[in-house]
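# attaching a predicted model along with its sequence, questions to come.
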Amino acid sequence: MTQTIPPLPGTAGNEPGREPGDGSAVDNLVQQIKGYIQSNRLTVGDTLPSERELGEKFAAARNTVREAVRILKAYGVVDVRPKIGAVIVNRHMDAVLDLFSFQLSISRETFLDIQGFRRLIEVGSADAIFSAVNDADIARFRKLNEEILDAPSKVEAAERDFGFHAALLELADNQTVLNVYTTMKPIIVKLMETGKESHGLQGTYDTHTRILDALEKRDRLGFQYWMSNHLDHGLGFIDRSVDAQHPEETAPEA
């Protein structure tokens with residue numbers, strides 16, 4: 001996943017009306033490193049060149065490099081690890097994931113909100129997916145689908161199910177969309193687990209197969225129909241799950 005780095009407070013490189021050389025040496029180097037990350041499509045977990053290599057590449061003094069890396073670390077862009085160096089991280093995403101960890105109870109409203117979000121992204125990306133897909137991709141997706149059916153547990157099946165949908169979205173080649181989708185992973189996976197506990201794995205496998213059949217035939221309407229149907233399908237199981245957790249709210253009056 002490509003790390004998108006926001007402009008950093010106190011750095012001059014992106015301020016309107018300023019040329020890159022107008023800021024301090026440290027400010028300018030921070031922006032140069034940012035540009036290096038983006039132009040080389042470095043992702044979370046990738047390492048930056050060493051301080052010596054950064055200094056040589058950008059004609060910067062060692063102390064300047066060290067201070068620029070410190071700033072990037074302070075803003076959650078990199079983490080400096082012993083014997084490894086500066087590793088790209090995403091502390092902003094970590095904070096979002098921590099927030100979602102407190103919101104994993106599933107209600108009808110949560111389901112509708114999350115699946116509505118997924119529909120906008122997954123159904124809405126159909127044109128981009130169809131423009132990029134090839135026979136090798138479809139074969140890969142079918143293998144991923146079979147791995148869901150062979151999963152040793154519902155938890156692992158949900159992880160593989162998420163991987164299947166994320167792999168489809170990768171074809172759309174919109175890194176921002178994929179980043180946002182991945183940020184939502186904890187609660188999406190929780191929804192997937194709930195559905196599999198009620199419905200088993202065969203239903204997921206069968207609907208994925210219909211989605212892939214439509215993709216292979218280049219049938220956009222069929223793809224959108226089956227994807228939308230797939231996203232709606234779990235609502236009945238969510239309702240039953242909520243009823244089971246709160247029987248007093250659904251019991252008929254005497």
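Noted; the coordinates are in hand.

# from now on I want contacts and neighbour counts done on CA atoms only, so please keep to that.
Fine.

# tell me the centre residue of this protein?
T182 (1.7 Å; C-alpha atoms, centre = their mean).

# check which helix or strand covers it.
Here T182 sits within helix 175-183, counting by DSSP states H and E.

# for that helix, packing partners?
Helix 175-183 is packed against helix 91-100, helix 154-170, with contacts defined by 3 or more C-alpha pairs under 8 Å, 6 or more residues apart in numbering; DSSP states H and E.

# if you average pLDDT over each of those helices, which is lowest?
When those are compared on mean pLDDT, helix 91-100 scores lowest, with a mean of 54.

# identify the spatial nearest neighbour of the residue nearest to the centre of the chain, chain neighbours not counted.
Nearest non-adjacent residue to T182, counting by C-alpha to C-alpha, 6 or more residues apart in numbering: A166, 7.7 Å away.

# circling back: what's the pLDDT at the residue nearest to the centre of the chain?
T182 carries a pLDDT value of 82.

# that one and V189, how far apart?
As judged by C-alpha to C-alpha, to the nearest Å, T182 and V189 stand 10 Å apart.

# over to L72?
31 Å.

# residue contacts, E156?
E156 is in contact with I148, counting by C-alpha atoms under 8 Å, 6 or more residues apart in numbering.

# contacting residues around the strand or helix carrying A214?
In this assignment (DSSP H and E), A214 forms part of helix 202-216. Residues outside helix 202-216 that contact it (C-alpha under 8 Å, 6+ apart): 130, 135, 138, 141-142, 145-146, 148-149, 196, 220, 222-223, 226-227, 230.

# for the helix or strand just after that helix, packing partners?
With elements assigned by DSSP H and E, the helix or strand that comes after helix 202-216 is helix 220-232. Counting contacts by 3+ C-alpha pairs under 8 Å, 6+ apart, helix 220-232 is packed against helix 108-118, helix 126-132, helix 202-216.

# can you count the residues close to the residue nearest to R66 when sequence neighbours are not counted?
Excluding the flanking residues, the one nearest R66 by C-alpha to C-alpha, 6+ apart is E51, at 6.9 Å. As a burial measure, E51 scores 20 neighbours (other C-alpha atoms under 10 Å).

# just K83 next, same as before
6.

# where does it land in three-state SS?
coil (DSSP: H, G, I helix; E, B strand; the rest coil).

# where in the stretch 51-200 of the chain is pLDDT low?
90-108, 195-200 (pLDDT under 70).

# now do the buried residues in stretch 118-132.
Buried residues in stretch 118-132, counted by 16 or more other C-alpha atoms under 10 Å: R118, R119, I121, E122, V123, S125, A126, I129, F130.

# can you pull the contacts of the first one?
Looking back up the chat, that one is R118. Contacts of R118 (C-alpha under 8 Å, 6+ apart): Y181, L231.

# give me the distance between it and V80.
35 Å.

# what's the answer for the second one, then?
Between R119 and V80 the distance is 38 Å, computed by C-alpha to C-alpha.

# residues contacting the residue nearest to V133 when sequence neighbours are not counted?
Leaving aside its chain neighbours, V133 sits nearest to L171 (6.7 Å; criterion: C-alpha to C-alpha, 6+ apart). By C-alpha under 8 Å, 6+ apart, L171 lies in contact with A128, I129, A132, V133.

# tally of neighbours for the last one?
A count of neighbours around V133, defined by other C-alpha under 10 Å, yields 16.

# how much space between it and A172?
Applying C-alpha to C-alpha, the value for V133 to A172 is 9 Å.

# repeat for the first one
Counting by C-alpha to C-alpha, the gap between A128 and A172 amounts to 5 Å.

# do the same with the second one
According to C-alpha to C-alpha, I129 stands 5 Å off from A172.

# and what of E193?
26 Å.

# A68 now?
A68 is 34 Å from A172, by C-alpha to C-alpha.
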